[in-house]
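*Asks:* fold the following for me, if possible:
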Amino acid sequence: MDKTSADMDKISAEMTAPIVGDGFVIGYVPEIHKLGKEHPFEATTFELELLAEHWAEQVGSIEYMWEYFQQSGSEEIRLQPYAWERLGKIADVLGKDRVNQVLERTIKWCFRTSGCEAPRTGGPSEPEDKVLYTERGRSAVFHPSRAGLRPMVRNAEFVGEGWCWQTAEDYKSGKVVEHFGFATAQEALQAAQKEEYAFFYDVEQELEGLQNEQAMSSDDDPQPESQ
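*Replies:* Numbering: from 1, shown residues only. Below is the predicted model of the structure:
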């Protein structure tokens, strides 16, 4: 007999429930157990696709960790089936084909710095061993062989030989890498430098606007009368 939606919700709740003991809790996940209450809400197609992208990233990230490190944790074994359940509910509205397209699009570019670098040989340093930085240090340029990058699961189009760049903060914390596949380090550095110029130009324009507003405000202040 086919299971109803209520049956599936019950099974999911049992699978993702934390283990509570005398003075300890294992597997408590805020996204599920604190913020997982459902609300009646009329979402647009665009909003549902954004939600699908979020849960697709969760699935890809967790399954990548399982494959790369060959280990898991109490949070991941609950969040992964929960993410698939949410994707299933979105598919009930958008259709399976559309959600599968979101999964393919999202996971295709999802690979991360692993947090540990690839093993070095004792020989001379290779160009791929270097990490280059833009002029003001906002972004890092690196090669996958140095950063220990691995493709996400189901990512057949990963280009392992290309140079990459991302913000220095994201590089150090192992965030998703979006800018990759550059033929040379110089090409990647030029792209990163262009983004840095644009970023600081916008910052300087904003600061200049604030300074002008403050100056105009000071001019408008009433001046004390001379005695």
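*Asks:* who does the longest helix along the chain touch, helix- and strand-wise?
*Replies:* Longest helix in the chain, counting residues (DSSP state H): helix 185-220. In terms of contacts (3 or more CB pairs under 8 Å, 6 or more residues apart in numbering; DSSP states H and E), helix 185-220 is packed against strand 139-142, strand 163-167, strand 179-182. No exception for glycine: its C-beta is placed from N, CA and C like everyone else's.
*Asks:* 10 Å instead?
*Replies:* Helix 185-220 is packed against strand 132-133, strand 139-142, strand 163-167, strand 179-182, with contacts defined by 3 or more CB pairs under 10 Å, 6 or more residues apart in numbering; DSSP states H and E.
*Asks:* tell me which strands the shortest one pairs with, and in which orientation.
*Replies:* In the sheet containing strand 132-133, the strands it pairs with under DSSP bridges are strand 139-142 (antiparallel).
*Asks:* go on, the third one?
*Replies:* Partner strands and pairing direction for strand 163-167 (DSSP bridges) are strand 139-142 (antiparallel), strand 179-182 (antiparallel).
*Asks:* can you redo those as CSV, where the extra columns are mean pLDDT?
*Replies:* Formatted as CSV, the strands paired with strand 163-167 follow (pLDDT from 0 to 100):
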stretch, mean pLDDT
strand 139-142, 88
strand 179-182, 84
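*Asks:* adding mean neighbour count, write those out as TSV.
*Replies:* Output for these, formatted as TSV (neighbours: other CB atoms under 10 Å):
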stretch	mean neighbour count
strand 139-142	24
strand 179-182	18
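*Asks:* could I get the ones you listed as TSV with distance to residue 56?
*Replies:* Converted to TSV, these look like this (distance: least, CB to CB, whole Å):
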stretch	distance to residue 56
strand 139-142	25
strand 179-182	19
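*Asks:* returning to that earlier point: what are the buried residues along the longest helix of the chain?
*Replies:* By neighbour count on 16 or more other CB atoms under 10 Å, the buried set for helix 185-220 is 185, 188, 189, 191, 192, 193, 195, 196.
*Asks:* same list (the residues you listed) but as TSV, adding pLDDT.
*Replies:* Formatted as TSV, the buried residues of helix 185-220 follow (pLDDT from 0 to 100):
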residue	pLDDT
185	91
188	93
189	94
191	95
192	95
193	95
195	93
196	91
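*Asks:* touching, residue 166 and residue 139? I think so.
*Replies:* Yes - assessed by CB atoms under 10 Å, residue 166 is found in contact with residue 139 at 6.6 Å.
*Asks:* who touches both of those two?
*Replies:* Common neighbours of residue 166 and residue 139 are listed as 179, 192 (criterion: CB atoms under 10 Å, 6 or more residues apart in numbering).
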